[in-house]
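Participant: pasting a predicted model and its sequence here:
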Amino acid sequence: MMPFFRCIRNKQFRLWCAALCCCAISTNSLRLQAQNRISDHNDIFWMPLNLSIRLNNQWSWNGEYQWRRDNSGRSRQQDLWRTGISVKLGATQQFQLGYAWVRTHPYGDIPIASRGSFSEHRIHQQWMSFWPSQPGQPTWQQRIRLEQRWLNTSGFTGPWTYLNRIRVMQRLNVPLQANRWYAYVWDEVFLGFGKNVAQNVFDQNRLAAGLGWDGWKQVKLELGLFQQILQQGKPVGGKNVFQYNTGPMLMMHWKL
């Protein structure tokens, strides 16, 4: 535990923790702004499945499928497939270029997919940094992802809409026992921009906390509580629609 106490005395570490707390407080403050909005609460269950294949000491291939469900796992919310090529930029930096296909289904009282399930194509550029890099110590991770998105909300034959979005995630891992169990907390904010984004610059915020197991050579597991606050792109009856989606998240990561 001594590395942990040395870490929390570090000034940079305390500043990052303060930033995360401010982000979480700003997220929860959205609940207090009830005027001119419609709230839609949903019980969700997400299960991301990740695969990383090391190509050499610098390059790796990443594949991902996310099984996202509503009604505590009984009905469909989204299906996401993502792939990318990553390159290390030193000991604590990484860059990734990737593609994703997303299928969104009708869910909730005011569904985003009001006309039925629709598809989305994404291209992303991603930068990640890790601090510090020594094993056995609490690790802070920052990820910035820029996405170019093409959505077809009116069906396969309808027009496609192009959107830009930036995502910023901060994550803290704290080792608990013999570097096998660890606790984690992370927060990610999504902001839309560009000519096709109207007044809803805030897209969504995701917050998660839980426990992880890294005792196997090639498999890592995480189980925690997850909250997603999402603002729909179009108002309903002159009011902005906010989804408050909460539930468990089970993550499995294979490293080859």
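Facilitator: Alright, I've got the coordinates.

Participant: burial of residue 197, as a residue count?
Facilitator: By the criterion of other C-beta atoms under 10 Å, residue 197 has 15 neighbours. Any C-beta I mention is one placed from the backbone N, CA and C, and that applies to glycine too.

Participant: with residue 129 instead?
Facilitator: The number of residues packed near residue 129 is 15, by other C-beta under 10 Å.

Participant: can you tell me how far the nearest residue to it once chain neighbours are set aside is from residue 153?
Facilitator: Nearest-residue entry for residue 129: residue 142, 5.0 Å, with adjacent residues in sequence omitted and distances by C-beta to C-beta, 6 or more residues apart in numbering. Per C-beta to C-beta, to the nearest Å, residue 142 is found 32 Å from residue 153.

Participant: the more surrounded of the two?
Facilitator: Set side by side, residue 142 and residue 153 give different neighbour counts by other C-beta under 10 Å, the larger being at residue 153 (20 against 15).

Participant: quick check: the residue nearest to residue 129 touching residue 94?
Facilitator: No - between residue 142 and residue 94 there is no contact under C-beta atoms under 8 Å: 10.9 Å.

Participant: which strand or helix spans the residue nearest to residue 129?
Facilitator: Assigned by DSSP states H and E, residue 142 belongs to strand 139-152.

Participant: so what strands line up beside the helix or strand just after that strand?
Facilitator: Of the helices and strands lying after strand 139-152 in sequence (DSSP H and E), the nearest is strand 161-177. For strand 161-177, the pairing partners within the sheet under DSSP bridges are strand 139-152 (antiparallel), strand 181-193 (antiparallel).

Participant: which residues of the protein fall in helices?
Facilitator: For the chain, helices defined by DSSP state H occupy the ranges 2-8, 11-29.

Participant: what sits against residue 110?
Facilitator: Each residue near residue 110 by C-beta atoms under 8 Å, 6 or more residues apart in numbering is listed here: 38, 40, 232, 236, 241.

Participant: just give me the closest of the residues you listed to residue 104.
Facilitator: Nearest to residue 104 out of those is residue 232 (C-beta to C-beta; 11.4 Å).

Participant: if I look at the nearest residue to that closest one once chain neighbours are set aside, how far off is residue 190?
Facilitator: Excluding its sequence neighbours, the residue lying closest to residue 232 (C-beta to C-beta, 6+ apart) is residue 241, at 4.2 Å. Plainly put, residue 241 is 16 Å away from residue 190 if you go by C-beta to C-beta.

Participant: repeat that for residue 223.
Facilitator: Between residue 223 and residue 190 the computed distance is 24 Å (C-beta to C-beta).

Participant: pick out whichever of these two has more residues nearby.
Facilitator: A count of neighbours by other C-beta under 10 Å puts residue 190 above the other of residue 223 and residue 190, at 21 against 13.
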